[in-house]
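A.B. asks: predicted model follows, preceded by the sequence.
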Amino acid sequence: MIEIYKTNENRHLNNIEEMTKGSWVNIVAPTEAEIDYICTTLKLPINFMKDPLDDEERPRIEKEDDNVLIIVDFPYLTRDEADLPIFETIPIGMIFTKDCFITVSLKETPILANFKNNKIKGFFTNKKTRFALQLLFEISSYYLRYLKQINKMTNEAERELHQSMKNKELYTFLALEKSLVYFTTSLKSNRVVLDKILRFNYLKMYEEDKELLEDVIIENAQAIEMAEVYLSILSGMMDAFASIISNNVNNAMKFLTSVTIILTLPTMVASFYGMNVELPFEHNQFAFIFTLLIAITLAGTTAFIFWKKKYF
């Protein structure tokens, strides 16, 4: 899918048919024909279009002739087969050409929807460097937003586990831990790209652009710190709940073993006095009572000993 936008003098974003100077070309999951068309029309290297479509591509910045490619990871929410939420990251490419600014990705993202709906202050399609920095800032902001959601979901799962140990909450913890690993890895890779933009002359920037880039770096650093803190907390909680579950299992096994031993003693007494041999008191009219008292005494004594040792 190819969409072309351009802002007019009144900052109104229009959807246009052809790529013109100062336009923004948004490409989502393009076909081979669309990739060939863009590369031929704008004279782009084919890897500039295909690399951002590889979901395993690492963030980087690359320059070839007058064209610059920036690849960063952006977050998105999905669900697994068990309908558990998973936050993942995939690449998005930003391509600077002489006339146009191009975004390439495999999936639609609400981040770009904010630009399409003209919700970003000071957004102009012809200001390519500022557009890219605004997009990077929005990506970092979405990381922070999703991290807060992860923290909220972690707290909810923790409350559920305090009430009752269920597999669903434990699977939720695993899914959130996986999401935080994705976020931490992608954010650190994005940081490398941002540092290169700041230190090297890949893009022409004015003073306001440099200030915006510094804000992006700060936002990204905050997201990294939050992701690492949440990951550390979540890992500690997983270990704690694993220990609790193991301890509960040990307590249950200890209780069941104690009950089994206590119930075994009356059974043994009844077995001995049920044998077809000569037994003490077998002709006594109180033989059954004696047998019953012996069984109760043994079971009671054993139960008292186990209680004193806090087996149950």
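C.D. replies: Thanks, I have the structure now. Numbering: from 1, shown residues only.

A.B. asks: now could you export just the CA positions of stretch 212-219 as CSV?
C.D. replies: Output of stretch 212-219 as CSV, limited to C-alpha atoms (Å, rounded to 0.1, in the frame of the first residue of the first chain):
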residue,chain,number,x,y,z
LEU,A,212,14.3,18.3,19.3
LEU,A,213,16.9,15.5,18.8
GLU,A,214,18.1,16.0,22.3
ASP,A,215,14.5,15.6,23.6
VAL,A,216,14.2,12.4,21.6
ILE,A,217,17.4,11.1,23.1
ILE,A,218,16.2,12.0,26.6
GLU,A,219,12.8,10.3,26.0
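
A.B. asks: list the buried residues for that stretch?
C.D. replies: 212-213, 216-217, 219 (16 or more other CB atoms under 10 Å). In short, each C-beta sits where N, CA and C put it, glycine included.

A.B. asks: and E138, that one's in a strand?
C.D. replies: No. According to DSSP: H, G, I helix; E, B strand; the rest coil, E138 belongs to no strand; its state is helix.

A.B. asks: low-confidence ranges in the stretch 101-250 of the chain?
C.D. replies: 162-167 (pLDDT under 70).

A.B. asks: okay, helices next: where are they in the stretch 101-250 of the chain?
C.D. replies: According to DSSP state H, counting those that start in this stretch, the stretch 101-250 of the chain carries its helices in the segments 110-116, 128-163, 167-199, 207-272.

A.B. asks: which parts of the third one are buried?
C.D. replies: By that I understand helix 167-199. Buried-residue list, helix 167-199, by 16+ other CB under 10 Å: 169-170, 172-173, 175-177, 179-180, 182-184, 186-187, 189-191, 193-194, 197.

A.B. asks: before we move on, back to that, out of the helices of the stretch 101-250 of the chain, which is closest to A299?
C.D. replies: helix 207-272 (5.1 Å; CB to CB).

A.B. asks: and the next element down the chain from the closest one?
C.D. replies: Using DSSP states H and E, the helix or strand that directly follows helix 207-272 along the chain is helix 287-308.

A.B. asks: any buried residues in that next one, and which?
C.D. replies: Buried, per 16+ other CB under 10 Å, within helix 287-308: 291, 294-295, 298-299, 302-303, 306.

A.B. asks: which pLDDT value belongs to C100?
C.D. replies: Looking at C100, its pLDDT stands at 88.

A.B. asks: report the separation between it and K6.
C.D. replies: From C100 across to K6, the span is 10 Å (CB to CB, to the nearest Å).

A.B. asks: overlap in contacts, these two.
C.D. replies: 22-24 (CB atoms under 8 Å, 6 or more residues apart in numbering).

A.B. asks: of those - the most surrounded one?
C.D. replies: In terms of neighbours by other CB atoms under 10 Å, the shared contacts of C100 and K6 top out with W24 at 25 neighbours.

A.B. asks: show me what contacts it?
C.D. replies: Contact analysis of W24 by CB under 8 Å, 6+ apart lists 4-6, 100-103, 115, 125, 131.

A.B. asks: just give the nearest non-adjacent residue to it, would you?
C.D. replies: The spatial neighbour of W24 that comes closest, neighbours along the chain excluded (CB to CB, 6 or more residues apart in numbering), is T125 at 4.1 Å.

A.B. asks: list the contacts of the one you found.
C.D. replies: 5-7, 13, 22-24, 101, 131.

A.B. asks: next one: C39
C.D. replies: Here C39 is in contact with 45-46, 48-49 (criterion: CB under 8 Å, 6+ apart).

A.B. asks: one more time with 7 Å
C.D. replies: Contact analysis of C39 by CB atoms under 7 Å, 6 or more residues apart in numbering lists 46, 49.

A.B. asks: distance of it from L112?
C.D. replies: Taking CB to CB, one finds C39 at 21 Å from L112.

A.B. asks: just S23 next, same as before
C.D. replies: According to CB to CB, S23 and L112 sit 15 Å apart.

A.B. asks: ditto for I27
C.D. replies: Where L112 is concerned, I27 sits at a distance of 11 Å (CB to CB).

A.B. asks: which residues do these two both contact?
C.D. replies: With CB under 7 Å, 6+ apart, I27 and L112 have common neighbours T103.

A.B. asks: give me the subset of the contacts of T125 that lies in strands.
C.D. replies: 5-7, 13, 24, 101 (DSSP state E).

A.B. asks: of the residues you listed, the lowest pLDDT goes to which?
C.D. replies: Among the ones in strands among the contacts of T125, L13 carries the weakest pLDDT, at 80.

A.B. asks: all set now, cheers.
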